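>>> Would you be able to build a 3D model of this:
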Amino acid sequence: MMKTRTDEEDYWNSSKYKAFTFDDEDDELSRLQESKRAVNSIRGLVDDEDNDEDDMERVSWSGEPVGSISWSVKETAASNQRTDRDPTPFPRISTDVANVSRGHSGYSLSSLFKGKMKGGNFQSFTDSLTDSSVRLYAPELRKPKSEYKDLVSDWSPEETVHRMQQGKVVSLEKFRSLHDKLLLLDFSVSAHDGNVITAILIYLKRTLSKEVLFRELESRQTALRHFIHYLTETRDQKLLLDLLRSLGRTEDTVLLQYKEHLNISDANKRRDFLKSCVSLPFSADDLAHVQDHFTLLDRQIIMEATDGQNEREGKVEIFQKFPRKAPIHNMPLIPTLHYSCLYHYSEAQQETFSSPLSLRHTFKISEKQFFVTALAARVKLKAWSDVDALFRSRNWLGFTRKKAPLGFHRVVDVLHKNAAPTQVLQEYVALVDDADLRISLAHKHKCHDIVINTYRDLKDRQLLLGYREKVESGSAAQKKIDELLENPQIRWKN
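Predicted coordinates for the structure are as follows:
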């Protein structure tokens, strides 16, 4: 239907659109300014912080004003597509989320402000945005530097040591120069923290040549002691030997090398190793100790071979009565002497390796040590004649008397621990010089004759009557007490 001229003029005057004329004031510049005002009004709605910027408009690569809602939607959709193609540390968006590009979106800029959608309403659109299944995630903002500065290797050596004392994780790899590494070590020593010193020494051991490390440690005695202790605990014998040699500590070096015998289990190989150690530059006392160690092990190997064969063949009776519990390899000197006194006591000749006298002469065992060891061995075997022979001594007139290099009260203790009979105990309790100690031991071990004879010599009738109540009624001890009490020839003090 054709419009009349009047209708057309009414349409152009009533519509918000105007007809194109070359003379119209609505030129391109005025429309651009109007678009700019629209965008600025949108910025106010979305709470833009750049309200005080100049009038220069910012546009994106797509040509749309930066900060507009349509621009925001496009950026969000593009971010989602980039997330699908290139994984990032940020949460991934579900693949069910609809692609909100310009060509497929169901909303427009005007509909957002009017609350209407092309295919629905604005409420459904907001509901879709709040739905957990289609929720969009914004990238997490980077934390401030103050929060992750602990992981940044920009600390000085002093600050690094301080943080290590606090138990914080630090990286020592950034300290590459020798100067910085030595500063770390010096600050750790000044802090008097052994754990920090050890940690830094481990780092220096790994990153420095041993020649440089040894040279620097020589002037730092505290760090040197820590390093030696660390190598000892970790059993790094090779590096420890190199360190001691470089420091000129010959005695420590040879002693450390001598300790290597502890790691050799085979007796023959250990003996050969000890033989090689005899030629090392030990001090006089240490050399004598190493020589004795080699000689003792050599004898033990010979004794073990002979005794083991006799025990298997059953030729020697003592090995059947008292079977050996373990080989004697690597036993100390005194247990070896005790073993010899058990199984080879009758071998009086000093020429045999297994004789107790030969061991005493070779290793210069003192008389007291030999006496105690032999006494314990013979008492264990209940060889009372051998025990008695140990105490026998002749004076220059030829008289025999019992003598011991230690007090008889200690002899009584050894006999009691090995379950010696009362008759044997009583014989040696009587040899105790101190009267009070003698009576105490007699009471303890029930040596009645010793107590009765002592009270008789003291002429103490009351003590004798009191002791009569302690012995068994009708026993020989009680009868002896009664005879003494009735004896008129004894003049009692009370």
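>>> Could you use CA atoms for every contact and neighbour count after this?
Will do.
>>> For the helix or strand harbouring residue 272, enumerate the helices and strands it packs against.
Residue 272 belongs to helix 267-277 when elements are defined using DSSP states H and E. Judged by 3 or more C-alpha pairs under 8 Å, 6 or more residues apart in numbering; DSSP states H and E, the packing partners of helix 267-277 are helix 284-313.
>>> same thing but at 6 Å, please
Helices and strands in packing contact with helix 267-277 are not found; criterion 3 or more C-alpha pairs under 6 Å, 6 or more residues apart in numbering; DSSP states H and E.
>>> angle of it against helix 284-313?
Angle, helix 267-277 to helix 284-313, by axes from the mean of the first three to the mean of the last three C-alpha atoms, to 10 degrees: 160 degrees.
>>> which residues touch helix 267-277?
261, 264, 294 (C-alpha atoms under 6 Å, 6 or more residues apart in numbering).
>>> can those residues go into JSON lines with extra columns for neighbour count, pLDDT and distance to residue 459?
Formatted as JSON lines, the contacts of helix 267-277 follow (neighbours: other C-alpha atoms under 10 Å; pLDDT from 0 to 100; distance: C-alpha to C-alpha, whole Å):
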{"residue": "261", "neighbour count": "18", "pLDDT": "86", "distance to residue 459": "66"}
{"residue": "264", "neighbour count": "13", "pLDDT": "88", "distance to residue 459": "68"}
{"residue": "294", "neighbour count": "21", "pLDDT": "94", "distance to residue 459": "62"}
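>>> In CSV, list these along with distance to residue 201.
Formatted as CSV, the contacts of helix 267-277 follow (distance: C-alpha to C-alpha, whole Å):
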residue, distance to residue 201
261, 29
264, 30
294, 38
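>>> Closest one to residue 456 out of the residues you listed, please.
Of all the contacts of helix 267-277, residue 456 sits closest to residue 294, with 58.5 Å by C-alpha to C-alpha.
>>> Nearest residue to the closest one in space, please, no chain neighbours.
residue 274 (5.6 Å; C-alpha to C-alpha, 6 or more residues apart in numbering).
>>> State the distance from the one you found to residue 280.
Noted for residue 274: a distance of 10 Å to residue 280, by C-alpha to C-alpha, to the nearest Å.
>>> more crowded one of the two?
Of the pair residue 274 and residue 280, residue 274 is the one with more neighbours under other C-alpha atoms under 10 Å, namely 22 against 17.
>>> pLDDT score assigned to the more buried one?
Note on residue 274: pLDDT of 92.
>>> for residue 250, same thing?
On the pLDDT scale, residue 250 gets 83.
>>> so where's the stretch 51-200 of the chain shaky on pLDDT?
Applying pLDDT under 70 to the stretch 51-200 of the chain picks out residues 51-153.
>>> Next: the stretch 201-350 of the chain.
Where the stretch 201-350 of the chain drops to pLDDT under 70, the residues are 348-350.
>>> quick one on the thing from earlier: list the buried residues in the helix holding residue 272.
Of all the residues in helix 267-277, those buried under the rule 16 or more other C-alpha atoms under 10 Å are 267, 270, 271, 273, 274, 275, 277.
>>> any idea where the strands of this protein begin and end?
Secondary structure of the chain by DSSP state E: the strands cover 392-394, 400-402.
>>> The last one packs against which elements?
This means strand 400-402. strand 392-394.
>>> Least confident of the strands of the chain, on average?
Across these, the lowest-scoring stretch is strand 392-394, with a mean of 71.
>>> since we're on residue 252, how many residues are nearby?
When neighbours are counted by other C-alpha under 10 Å, residue 252 registers 14.
>>> try residue 241
Neighbourhood size, residue 241 [other C-alpha under 10 Å]: 20.
>>> Which residue lies closest in space to it, excluding its sequence neighbours?
Excluding the flanking residues, the one nearest residue 241 by C-alpha to C-alpha, 6+ apart is residue 253, at 5.9 Å.
>>> now swap in residue 374 and tell me
Closest residue in space to residue 374, ignoring its immediate chain neighbours: residue 341 at 5.8 Å, by C-alpha to C-alpha, 6+ apart.
>>> Would you map out the domains in the chain?
33-50+57-134, 155-248, 267-365 (automatic domain parsing).
>>> Between which two of the buried residues of helix 267-277 is the distance greatest?
Spatial extent of those (C-alpha to C-alpha) is set by the pair 267 and 277 at 15.2 Å.
>>> what ranges do the helices span in the stretch 351-494 of the chain?
Assigned by DSSP state H, counting those that start in this stretch, the helices in the stretch 351-494 of the chain fall at 356-362, 367-380, 384-391, 408-417, 422-429, 435-445, 448-458, 461-468, 476-486.
>>> In a markdown table: those helices, plus distance to residue 319 and mean pLDDT.
Converted to a markdown table, the helices of the stretch 351-494 of the chain look like this (distance: least, C-alpha to C-alpha, whole Å; pLDDT from 0 to 100):
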| stretch | distance to residue 319 | mean pLDDT |
| --- | --- | --- |
| helix 356-362 | 17 | 91 |
| helix 367-380 | 14 | 91 |
| helix 384-391 | 19 | 86 |
| helix 408-417 | 23 | 88 |
| helix 422-429 | 26 | 87 |
| helix 435-445 | 32 | 88 |
| helix 448-458 | 38 | 88 |
| helix 461-468 | 46 | 88 |
| helix 476-486 | 41 | 88 |
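>>> how about those helices, which one is nearest residue 314?
Among the helices of the stretch 351-494 of the chain, the nearest to residue 314 by C-alpha to C-alpha is helix 367-380 (21.5 Å).
>>> Quick one: residues in contact with that closest one.
Residues outside helix 367-380 that contact it (C-alpha under 6 Å, 6+ apart): 338, 341, 342, 405, 418.
>>> What's the separation between the first one and residue 302?
To tie it back to what came earlier, the one meant is residue 338. Per C-alpha to C-alpha, residue 338 is found 17 Å from residue 302.
>>> Mind listing what's buried along stretch 300-309?
Burial within stretch 300-309, assessed by neighbour count using 16+ other C-alpha under 10 Å, is assigned to 300, 301, 303, 304, 307.
>>> what's the answer for stretch 437-450, then?
Using 16+ other C-alpha under 10 Å as the test for burial, stretch 437-450 gives 438, 439, 441, 442, 445, 446, 447, 448, 450.
>>> Done for today, thanks.
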